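Novice: structural data only, the sequence is not supplied:
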């Protein structure tokens, strides 16, 4: 499998939010040196634990500090934007960084009700994702009634962040897909992927392409890797109780806090869902995932509080799949 990284610009306790953006850029520079294929960033709004709300802006900064790695969004949430504006942003990026820009799109409408109101969105609105995607691609292909600028000879590839329903849309429109989260644990996943590949309708010269997105952390031992995974899992577990997805905390500070039995069980379940372990442990898990999905690419999404340990994990993962 090709190997890529998704960085969510996670904030860290004791550091200003803006530092998360600098950390993301620095990680991208190192990912390029290590030979990763792509480096993607995310879109989240009003989330204390995530500093990236405008992928296009962050990608411009990353592109200016790198020279060859592909850069892209994982993803732009299309319901939050007019397709023409998204096309203009990514055509500008492609004009600045030719041959390097990917556009991943999703359909999330916001983490909480106040955020959805701020975005002028509602969970009850009709789902226009497929129509918006067709309109967006028309601007990128220069087949729409309005020409998005700058007009370029290259076409920016569009990836669909997909669930079962999104897989059908991607197949009908001839788009590559990115799968992650609960969909990877669904027993019907092989059937869904078989249908995607069978029903794929090529657009231009596109082919079926499956990327799996998974939290991956590599350390010298399984126990050390699970400790690295703890800050992200802890933030998720706490968010289920407080409604706030917060900044990453140091491992020692997390262990110093009181845990009840329910919290401990949720943390254990969360850690089990991360591909965290020694190189041999992670290799076995990724091999099983590759056998299950036939994926062409892994988009690793792991994060932790300790940036030096995260850099070590990125290095170990690159060596593992070299």
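Specialist: Now that the structure is in, tell me what you want to look at. Since we're looking at a predicted model, the values are computed, not measured.
Novice: how about low-confidence regions in the stretch 1-150 of the chain?
Specialist: The stretch 1-150 of the chain contains residues with pLDDT under 70 at 123.
Novice: what's the neighbour count on residue 13?
Specialist: 13 (other C-beta atoms under 10 Å). For glycine as for every other residue, the C-beta is placed from the backbone atoms N, C-alpha and C.
Novice: hmm, it is touching residue 252, no?
Specialist: No. The criterion here is C-beta atoms under 8 Å, and residue 13 misses it with residue 252 at 11.6 Å.
Novice: could you report the neighbour count for residue 260?
Specialist: Residue 260 has 8 nearby residues by other C-beta under 10 Å.
Novice: please report how far it lies from residue 266.
Specialist: 10 Å (C-beta to C-beta, to the nearest Å).
Novice: give me the common contacts of these two.
Specialist: With contacts defined as C-beta atoms under 8 Å, 6 or more residues apart in numbering, no residue is shared by residue 260 and residue 266.
Novice: residues touching residue 20, list them.
Specialist: Taking C-beta under 8 Å, 6+ apart as the test, what residue 20 contacts is 9-12, 50-52.
Novice: that should have said residue 2, apologies.
Specialist: By C-beta under 8 Å, 6+ apart, the contact set of residue 2 is 37-38, 296-298.
Novice: next step: the residues you listed restricted to helices.
Specialist: Judged by DSSP state H, helices contain none of those.
Novice: same for the longest strand anywhere in the chain, what does it pack against?
Specialist: Counting by DSSP state E, the longest strand found in the chain is strand 70-77. Contacts defined by 3 or more C-beta pairs under 8 Å, 6 or more residues apart in numbering; DSSP states H and E place strand 70-77 against strand 38-41, helix 55-65, helix 83-96, strand 101-106, strand 158-161.
Novice: just to revisit the earlier point, from the contacts of residue 2, pick the one nearest residue 25.
Specialist: Within these, the smallest distance to residue 25 is 15.3 Å, found for residue 38 (C-beta to C-beta).
Novice: hmm, that closest one is touching residue 68, no?
Specialist: No. Contact between residue 38 and residue 68 fails when scored by C-beta under 8 Å: they sit 11.0 Å apart.
Novice: ok, back up a step: what's the angle between the longest strand of the chain and helix 83-96?
Specialist: Angle, strand 70-77 to helix 83-96, by axes from the mean of the first three to the mean of the last three C-alpha atoms, to 10 degrees: 170 degrees.
Novice: residues near residue 288, how many?
Specialist: Counted with other C-beta under 10 Å, residues neighbouring residue 288 total 11.
Novice: that one belongs to a strand?
Specialist: No. Under DSSP: H, G, I helix; E, B strand; the rest coil, residue 288 falls outside any strand and is assigned helix.
Novice: quick one: it from residue 245, how far?
Specialist: When distance is defined by C-beta to C-beta, residue 288 is 29 Å away from residue 245.
Novice: please apply the same query to residue 281.
Specialist: 27 Å.
Novice: equivalent analysis for residue 88, please.
Specialist: Per C-beta to C-beta, residue 88 is found 30 Å from residue 245.
Novice: with residue 48 instead?
Specialist: When distance is defined by C-beta to C-beta, residue 48 is 7 Å away from residue 245.
Novice: identify the contacts common to those two.
Specialist: Counting by C-beta under 8 Å, 6+ apart, nothing touches both residue 48 and residue 245.
Novice: ok, these two, which is more surrounded?
Specialist: More crowded of residue 48 and residue 245, by other C-beta under 10 Å: residue 245, with 19 against 14.
Novice: I'd assumed residue 115 was in contact with the more buried one.
Specialist: No. The criterion here is C-beta under 8 Å, and residue 245 misses it with residue 115 at 11.4 Å.
Novice: ranges for the helices of the stretch 151-300 of the chain?
Specialist: Using DSSP state H, counting those that start in this stretch, the helices of the stretch 151-300 of the chain run over 164-173, 189-199, 222-242, 251-255, 261-272, 279-293.
Novice: spatially central residue for the protein, please.
Specialist: residue 74 (4.0 Å; C-alpha atoms, centre = their mean).
Novice: skipping its backbone neighbours, what lies nearest that residue in space?
Specialist: Spatial nearest neighbour of residue 74, excluding adjacent residues (C-beta to C-beta, 6 or more residues apart in numbering): residue 40 at 3.8 Å.
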